[in-house]
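Asks: pasting the sequence and the predicted model now:
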Protein chains: 2
Amino acid sequence: MSDFNFFSPITEEMKVVEEQLSRSIKGNIAMLNEASSHLIKAGGKRLRPAFALLSARLFSEDLEDVIPIAVALELIHMASLVHDDVIDNSDTRRGKATVKSAWGNRVSIYAGDYILARSLSMAARYQRSDIVDVLAEASMRICEGEVIQMLSCYNVTLGLKNYLRRIERKTALLISVSCQLGAMVMNASPEAVKAIKNYGYFLGMAFQVTDDILDIIADEQILGKPTGSDIRQGVITLPALYALKNSPQCEELAKLLASPEACAHHTDRIIDIINDSDGIDYAYFITRHYARKAQEQLRYLPEVPVKKNLFNMADFILARDF
Amino acid sequence: MSDFNFFSPITEEMKVVEEQLSRSIKGNIAMLNEASSHLIKAGGKRLRPAFALLSARLFSEDLEDVIPIAVALELIHMASLVHDDVIDNSDTRRGKATVKSAWGNRVSIYAGDYILARSLSMAARYQRSDIVDVLAEASMRICEGEVIQMLSCYNVTLGLKNYLRRIERKTALLISVSCQLGAMVMNASPEAVKAIKNYGYFLGMAFQVTDDILDIIADEQILGKPTGSDIRQGVITLPALYALKNSPQCEELAKLLASPEACAHHTDRIIDIINDSDGIDYAYFITRHYARKAQEQLRYLPEVPVKKNLFNMADFILARDF
């Protein structure tokens, strides 16, 4: 699995995306350009453009038409990251200074708005209101997800349903929409669009659950952020939810997780309780469940080589950094 | 002039805009809905929808097709207000609590993003990329304007050009775009679109200069915010610019305006110096200049009754609250 490269069928197209991404945010104000291009240069996996391209490749060899929407998807993701960093008051992301820490809150808010508007104007190029609608709707749902997450912090009474709703909007939705839009641009049949959209949804859910596991078990070097940063911020993820229900120390855990003070200063104790429960194993089980569901959707899609790549991606997520 | 009602030719349509505006921001999250609808209920003149409707009326009696873009224009304006209130840390706007003061920064940032995405998805309904493009481009330019304003604060070395660039993006642009889009939806000729777009631009410039005058000479009750709030925030407007060049106390003024401390605590002294110069008169002269230029553009537009209304609007701005 280690030599699996998700991007290999679309290496050339990803280079074009990268170029267009840099070009897309060039405006008239040096400071806004610098802030936005700082964000682009900070990198990232460009997963959303990749999903759009791979999804489109199921239906066509020529991916030129997918480039603008691939760029728009990455822009919408970036816009939400800039605003998240303002809200979370984060100084680093992926080990580099955030726009917020380098330019301050004001520029960050405007840079986010700027990038969001740019994204939707790129989507408008297709002259298809269904495409802009899917993207704008996704952007609204992401905002909703952030508000749900905010309202759910330190709340130990909320269950699995609330968690799934949060991660759906935080991650699964935009991956799902990336797959959907890649297929839509290629004018795939409604059935095929639905299958690849579902694939993206299940894969995105699997991806976020593993992210939430890693936040507890991986160390700072792998994560590029401190271990337990969800806990520190009062974000209760699946392993913690499991422990809240099943750990012998569940009462102590509930007290700790409900207290912003304890979340900030007794993070290690919280992590220990979660690790002692079967919370990590359970979360891994849920990840497998979603990864399999993603793979099942592929059966409704054309038998072309890229399908193997999409299939492997689900296995790859399961093997991710464990 | 006192019985002039700018909205009279479009009273019925404005009611529809108001209804659709409330409906447009209904999503799945109660808190986001409350925050957004708080903003809608706080009112406002709905100038941008009105300009779109009046502009469209130049070309057609039936304004049904203009409603979505009229709503989208107000939404984009509202999105920028919510983010401005976060950035300016404002607790009241139009005499009412801001979203920021009632729900906090987090909800305000997400509410703004939500409303912006909603706006562009409404514009997408026309299935015309030129329409989404004009709106998205305007949204980006507004962000640029805010950054220019931010960078210009307390800077007494910047001149008229910088000021005009700021107010263009802050106000004139979206009024201009409102007029332009109203005409575009009605498929007006490129010449007519250009003329009404220019009309909106010049009128918007006149409008913002009078706003800047009022900030210095009107009292808190008329403004719904403290007199001199621009000065307090280090925003140097036209009357101050004039005084910086022509007042006998220009050196003292420059020192005061360059100091955040002095702007906050010696606002009255700054206002006195500006009032003693001919800064207000000069700004009023500039307003007249722009209002006349707006009226001149009308000569390229169809001879229909609504034209008189657009003409009077320019006179009305000149008479505004003086």
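Replies: All right, it came through fine.

Asks: who in the stretch 101-250 of chain A is up against chain B?
Replies: Residues of the stretch 101-250 of chain A lying close to chain B by CB under 8 Å from any CB of the partner chain are A:105-107, A:109-114, A:116-118, A:120-121, A:124-129, A:132-133, A:136-137, A:139-140, A:143-144, A:146-148, A:150-151. For the C-beta atoms, the positions are set from N, CA and C on the backbone; glycine is no exception.

Asks: okay, now residue A:303: neighbour count?
Replies: Here the number of neighbours of residue A:303 (other CB atoms under 10 Å in any protein chain shown) works out to 9.

Asks: pull the contacting residues for it.
Replies: Contacts for residue A:303 were tallied using CB atoms under 8 Å, 6 or more residues apart in numbering or on different chains; there are none.

Asks: can you check residue A:121 too?
Replies: For residue A:121, the contact set (CB under 8 Å, 6+ apart) comprises B:120, B:132, B:133, B:136, B:137, B:140.

Asks: low pLDDT regions in the stretch 201-322 of chain A?
Replies: Within the stretch 201-322 of chain A, the stretches with pLDDT under 70 are A:321-322.

Asks: and the residue of it nearest chain B?
Replies: residue A:233 (11.9 Å; CB to the nearest CB).

Asks: next one: phi and psi at that residue?
Replies: Note on residue A:233: backbone dihedrals following degrees, to the nearest 10 are phi -90, psi 10.

Asks: what is the mean pLDDT for stretch A:107-123?
Replies: Stretch A:107-123 shows a mean pLDDT of 90.

Asks: what segments of the stretch 1-150 of chain A are strands?
Replies: Assignment of strands within the stretch 1-150 of chain A using DSSP state E, counting those that start in this stretch yields the ranges A:92-93, A:96-97.

Asks: out of those strands, flag the one nearest residue A:306.
Replies: Residue A:306 sits nearest to strand A:92-93 of all the strands of the stretch 1-150 of chain A, at 30.5 Å, using CB to CB.

Asks: report the central residue of chain A.
Replies: Most central in chain A under CA atoms, centre = their mean is residue A:171, positioned 3.6 Å from the mean C-alpha point.

Asks: surely residue A:230 touches residue A:215?
Replies: Yes: using CB atoms under 8 Å, residue A:230 is in contact with residue A:215, at 4.8 Å.

Asks: find residues that contact each of these two.
Replies: Residues touching both residue A:230 and residue A:215 by CB under 8 Å, 6+ apart: residue A:237.

Asks: where does the residue of chain A most remote from its centre sit: helix, strand or coil?
Replies: Largest separation from the mean C-alpha position in chain A: residue A:248, at 32.8 Å (CA atoms, centre = their mean). Following DSSP: H, G, I helix; E, B strand; the rest coil, residue A:248 is assigned to coil.

Asks: next, count neighbours for the closest residue to chain B within the stretch 151-300 of chain A.
Replies: Relative to chain B, the nearest point of the stretch 151-300 of chain A is residue A:151 (6.6 Å; CB to the nearest CB). Using other CB under 10 Å, residue A:151 has 16 neighbouring residues.

Asks: and if you look at residue A:127?
Replies: If you count neighbours by other CB under 10 Å, residue A:127 ends up with 14.

Asks: how about the one 4 residues further on?
Replies: A total of 21 residues lie near residue A:131 under the criterion other CB under 10 Å.

Asks: find the nearest non-adjacent residue to it, please.
Replies: The shortest distance from residue A:131 to any non-neighbouring residue, by CB to CB, 6 or more residues apart in numbering or on different chains, is to residue A:123 (5.5 Å).

Asks: again with residue A:165
Replies: Counting by CB to CB, 6+ apart, residue A:165 lies nearest to residue A:148, which is 6.1 Å off, once chain neighbours are set aside.

Asks: so that neighbour touches residue A:162, yeah?
Replies: Yes: the criterion here is CB under 8 Å, and residue A:148 meets it with residue A:162 at 7.3 Å.

Asks: neighbour-wise, which of these two wins?
Replies: The residue with more neighbours, out of residue A:148 and residue A:162, is residue A:148; 21 against 16, by other CB under 10 Å.

Asks: what is the neighbour count of residue A:7?
Replies: Per other CB under 10 Å, the neighbour tally for residue A:7 reads 16.

Asks: cool, residue A:232 as well?
Replies: There are 17 residues near residue A:232, going by other CB under 10 Å.

Asks: residues in contact with residue A:297?
Replies: By CB under 8 Å, 6+ apart, the contact list for residue A:297 reads A:195, A:196, A:198, A:199, A:202.

Asks: the third one: what's it in contact with?
Replies: With contact set as CB under 8 Å, 6+ apart, residue A:198 has these partners: A:176, A:293, A:294, A:297.

Asks: from the contact counts, what lies against the helix or strand hosting the first one?
Replies: Read that as residue A:176. Using DSSP states H and E, residue A:176 falls within helix A:173-185. In terms of contacts (3 or more CB pairs under 8 Å, 6 or more residues apart in numbering or on different chains; DSSP states H and E), helix A:173-185 is packed against helix A:47-57, helix A:67-88, helix A:129-152, helix A:190-217.

Asks: show the average pLDDT along that helix.
Replies: Here helix A:173-185 scores 97 as its mean pLDDT.

Asks: what inclination does it have with respect to helix A:47-57?
Replies: For helix A:173-185 against helix A:47-57, the angle by axes from the mean of the first three to the mean of the last three CA atoms, to 10 degrees is 30 degrees.

Asks: could you export helix A:173-185 as PDB, CA atoms only?
Replies: Listed next in PDB are the C-alpha coordinates belonging to helix A:173-185 (Å, rounded to 0.1, in the frame of the first residue of the first chain):
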ATOM      1  CA  LEU A 173     -19.600  17.300   2.000                       C
ATOM      2  CA  LEU A 174     -16.900  19.100   0.100                       C
ATOM      3  CA  ILE A 175     -15.200  15.800  -1.000                       C
ATOM      4  CA  SER A 176     -18.600  14.500  -2.000                       C
ATOM      5  CA  VAL A 177     -19.300  17.700  -3.900                       C
ATOM      6  CA  SER A 178     -15.900  17.500  -5.600                       C
ATOM      7  CA  CYS A 179     -16.700  14.100  -6.900                       C
ATOM      8  CA  GLN A 180     -20.200  15.200  -7.900                       C
ATOM      9  CA  LEU A 181     -19.000  18.300  -9.800                       C
ATOM     10  CA  GLY A 182     -16.300  16.300 -11.700                       C
ATOM     11  CA  ALA A 183     -19.000  14.000 -13.000                       C
ATOM     12  CA  MET A 184     -21.500  16.800 -13.700                       C
ATOM     13  CA  VAL A 185     -19.000  18.800 -15.800                       C
END
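
Asks: how many residues are close by residue A:237?
Replies: Residues near residue A:237, counting by other CB under 10 Å, number 22.

Asks: tell me how far it lies from residue A:152.
Replies: For residue A:237, the distance to residue A:152 (CB to CB, to the nearest Å) stands at 11 Å.

Asks: the helix holding residue A:176: how far from the chain's middle?
Replies: Centroid separation between helix A:173-185 and its chain, computed with CA atoms, centre = their mean, to the nearest Å, is 13 Å.

Asks: check which residues of it are buried.
Replies: For helix A:173-185, a neighbour-count test (16 or more other CB atoms under 10 Å in any protein chain shown) marks A:173-185 as buried.

Asks: need these in JSON lines with distance to residue A:286, can you?
Replies: Below are the buried residues of helix A:173-185 laid out as JSON lines (distance: CB to CB, whole Å):
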{"residue": "A:173", "distance to residue A:286": "18"}
{"residue": "A:174", "distance to residue A:286": "20"}
{"residue": "A:175", "distance to residue A:286": "17"}
{"residue": "A:176", "distance to residue A:286": "17"}
{"residue": "A:177", "distance to residue A:286": "22"}
{"residue": "A:178", "distance to residue A:286": "22"}
{"residue": "A:179", "distance to residue A:286": "21"}
{"residue": "A:180", "distance to residue A:286": "23"}
{"residue": "A:181", "distance to residue A:286": "27"}
{"residue": "A:182", "distance to residue A:286": "26"}
{"residue": "A:183", "distance to residue A:286": "27"}
{"residue": "A:184", "distance to residue A:286": "29"}
{"residue": "A:185", "distance to residue A:286": "32"}
